[in-house]
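Asks: need a 3D model of the sequence below.
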Amino acid sequence: MKKLKAIIAGAGNRSMVYAKYALEHPEELTIAGVADPDEKRRKKAAEIFSIPQEYCYHSAEELARIPKFADFIINGTMDNQHVPTSIPLLKVGYDMLLEKPFAVNLKEAGALVKAAKKYKRRLAICHVLRYAPFYRKIKQCLLDGKIGEIMNIQTSENVSFHHAAAAFIRGKWGSKKYCGSSFMMAKCCHDLDLITWLMSPHRPVSVSSSGGRMYFIPEKAPAGSGTHCLINCPQEIEKTCLYSARRHYIDRIWWQYYVWDVMESMGHKNEMTAEEKKQKLSDPANPYGRCVWKIGSDLVDHQSVVIEFINGATVTHNLVSGTADGSRIIHIFGTRGELSGDFNSGNFLLKTINPAAEKGYDEEIIEADFKGDFSGLSGSHGGGDARLIADFIRAMRGEQPSVSFTGIEDSVYGHLIGFLADQAMEKQKVMKIPPCL
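Replies: Numbering: from 1, shown residues only. Below is the predicted model of the structure:
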């Protein structure tokens, strides 16, 4: 068995989750280098994976200027850096595992697809939910014809109040100007990919969308509240506020790897005291201490999408921010039955038409056979993360990857739906989806 070498480009949480495979399976993979502009992250990755200093780089651009010395890149840079960093590295000769979304607009998407073809490189996209046992078993039911031909799919992505606040309001995905992606593309790239995967081989032909920002706006802030939780918000308001930075990040330990830059996926813990946390959140420049209603985010807080496929099937997807419980819900209707489930539950209900049955249908609960984190809070995505990197390693060795493997060509339609859904919402019109980039 050939031992592969990988380089981390962008040593954030997602890259480290995948790179951890090298620690768990040292006979299969070693991390040979790291590129990250943040000195703390760069040094931490070097320490964890025993990377010599001469193979630590300040940027992916610097890495692309030297000869190839590994088999592939784990690219976990920010959304708007994916294409600018990927193309030069593909040109050098690296294969790549690239975090989603792989681009932030149609032009970028087309450029990356062309580059992968031009340089004949293997480019896989990190659509981890295809690997989660919950969705793998749904896909298998469809392949087995359990519910017949799909007529309609209904999905929803409900982003919990604490996740929304940490990642999509106060966090680095809280502004399209900063990260490059809309809320739909940053959060629902997974869901749109799952939709096209489940509907395969039929392609989408049109999309419409509506939504907006109706709650996380200054007018909806508690009366008399300040602009910063621990600086100028009256204590009687702050101590009961559902989005208090103190309640989320001091009293609780939600989303540490965003707020405190703690690599939880590597088993690290935040050792700061409550007082030290308070001091950091009291810094006016720290976005995690700011009021969610007055921070000035430019993302929508809810959006609905309607997709039509070439065979006449339709799909609806709803994205809602600030829910009590974070969840992904799916309901698929076919000509012979239906299936429905909540990703967090780890199982789904299969109903098949049977005129002889008392209810008129047979039903079966199908277990996903995974016990662990489904929310992403600890970074496992219902068991998808570990399975994705293992499958990519197999593909790199020349073995047959699984049905979940997502090359860039497989990921295109999910991205097209997202980009054009945002345009449809802005223009208030149905957008046609082209056959391919």
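
Asks: going by neighbour count, list what's buried in stretch 61-68.
Replies: Under the neighbour-count criterion of 16 or more other C-beta atoms under 10 Å, stretch 61-68 has Glu61, Leu63, Ala64 buried. For glycine as for every other residue, the C-beta is placed from the backbone atoms N, C-alpha and C.

Asks: nearest to Arg170, of the residues you listed?
Replies: Closest approach to Arg170 among the buried residues of stretch 61-68 (C-beta to C-beta): Glu61, at 28.7 Å.

Asks: what mean pLDDT does the helix or strand containing the closest one have?
Replies: Following DSSP states H and E, one finds Glu61 within helix 60-64. The predicted model assigns helix 60-64 a mean pLDDT of 97.

Asks: again, but for stretch 243-250
Replies: The average pLDDT within stretch 243-250 is 97.

Asks: by mean pLDDT, flag the weakest helix or strand of the chain.
Replies: Of the helices and strands making up the chain, the lowest-confidence element is helix 176-179, at a mean of 86, by mean pLDDT, DSSP states H and E.

Asks: ok, and what's touching that one?
Replies: Outside helix 176-179, the residues within contact range by C-beta atoms under 8 Å, 6 or more residues apart in numbering are Met78, Asp79, Asn80, Lys172, Trp173, Ser182, Ala186, Asp298, Leu299.

Asks: rewinding a little: against which helices or strands is the following helix or strand past the helix holding Glu61 packed?
Replies: Using DSSP H and E, the helix or strand that follows helix 60-64 towards the C-terminus is strand 72-75. Judged by 3 or more C-beta pairs under 8 Å, 6 or more residues apart in numbering; DSSP states H and E, strand 72-75 is in contact with strand 4-9, helix 13-19, helix 82-92, strand 95-98.

Asks: between the ones you listed, which one is nearest to Thr30?
Replies: Closest approach to Thr30 among the helices and strands packed on strand 72-75 (C-beta to C-beta): strand 4-9, 5.5 Å.

Asks: what's the angle from that closest one to helix 82-92?
Replies: Our comparison of strand 4-9 with helix 82-92, counting by axes from the mean of the first three to the mean of the last three C-alpha atoms, to 10 degrees, yields an angle of 140 degrees.

Asks: not counting sequence-adjacent ones, nearest residue to Ala166?
Replies: Nearest-residue entry for Ala166: Trp255, 3.8 Å, with adjacent residues in sequence omitted and distances by C-beta to C-beta, 6 or more residues apart in numbering.

Asks: show me the strands in the stretch 51-200 of the chain, by range?
Replies: Secondary structure of the stretch 51-200 of the chain (DSSP state E, counting those that start in this stretch): strands at 56-57, 72-75, 95-98, 123-125, 150-160.

Asks: from the chain's centre, how far out does the third one sit?
Replies: Spelled out, it's strand 95-98. Taking C-alpha atoms, centre = their mean, to the nearest Å, one finds the center of strand 95-98 at 16 Å from the center of the full chain.

Asks: partner strands of it, with direction?
Replies: Taking DSSP bridges as the criterion, strand 95-98 sits next to strand 72-75 (parallel), strand 123-125 (parallel) in its sheet.

Asks: mind putting the ones you listed into TSV with distance to Lys277?
Replies: Compiled in TSV, those are given as follows (distance: least, C-beta to C-beta, whole Å):
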stretch	distance to Lys277
strand 72-75	30
strand 123-125	36
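
Asks: of all the ones you listed, which lies closest to Ala421?
Replies: strand 123-125 (18.3 Å).

Asks: residues making contact with that closest one?
Replies: When contacts are defined by C-beta under 8 Å, 6+ apart, strand 123-125 is touched by residues 86, 90, 95-100, 102, 112, 116, 193, 392, 395, 405-408, 410-411.

Asks: swap in 7 Å and give it another go.
Replies: For strand 123-125, contacts defined as C-beta atoms under 7 Å, 6 or more residues apart in numbering pick out 90, 96-98, 100, 102, 116, 392, 405-408, 411.

Asks: need those in a markdown table (columns: neighbour count, distance to Arg14 and pLDDT).
Replies: Listed next are the contacts of strand 123-125 as a markdown table, based on neighbours: other C-beta atoms under 10 Å; distance: C-beta to C-beta, whole Å; pLDDT from 0 to 100:
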| residue | neighbour count | distance to Arg14 | pLDDT |
| --- | --- | --- | --- |
| Leu90 | 23 | 19 | 98 |
| Met96 | 26 | 14 | 98 |
| Leu97 | 24 | 10 | 98 |
| Leu98 | 27 | 10 | 98 |
| Lys100 | 24 | 9 | 94 |
| Phe102 | 29 | 13 | 96 |
| Ala116 | 22 | 20 | 96 |
| Phe392 | 26 | 14 | 96 |
| Phe405 | 18 | 18 | 92 |
| Thr406 | 24 | 15 | 90 |
| Gly407 | 14 | 19 | 92 |
| Ile408 | 24 | 17 | 93 |
| Ser411 | 28 | 16 | 94 |
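
Asks: max pairwise distance over those residues: which two?
Replies: Pairwise distances across these peak at 18.2 Å for Leu90 and Phe405 (criterion: C-beta to C-beta).

Asks: pLDDT of whichever helix or strand Ile237 is part of, averaged?
Replies: Under the criterion DSSP H and E, the helix or strand holding Ile237 is helix 235-238. Helix 235-238 shows a mean pLDDT of 97.

Asks: for the helix or strand that comes right after it, C-alpha coordinates in PDB please.
Replies: From helix 235-238 onward toward the C-terminus, using DSSP H and E, the following helix or strand is helix 245-249. Taking Å, rounded to 0.1, in the frame of the first residue of the first chain, the C-alpha atoms of helix 245-249 are listed here in PDB:
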ATOM      1  CA  ALA A 245     -22.200  36.800  24.200                       C
ATOM      2  CA  ARG A 246     -21.600  36.100  27.900                       C
ATOM      3  CA  ARG A 247     -24.300  33.400  28.000                       C
ATOM      4  CA  HIS A 248     -23.100  31.800  24.700                       C
ATOM      5  CA  TYR A 249     -19.300  31.900  25.100                       C
END
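
Asks: and helix 245-249, how far out from the chain middle?
Replies: Using C-alpha atoms, centre = their mean, the distance between the centre of helix 245-249 and that of its chain works out at 24 Å.

Asks: cheers, nothing more for now.
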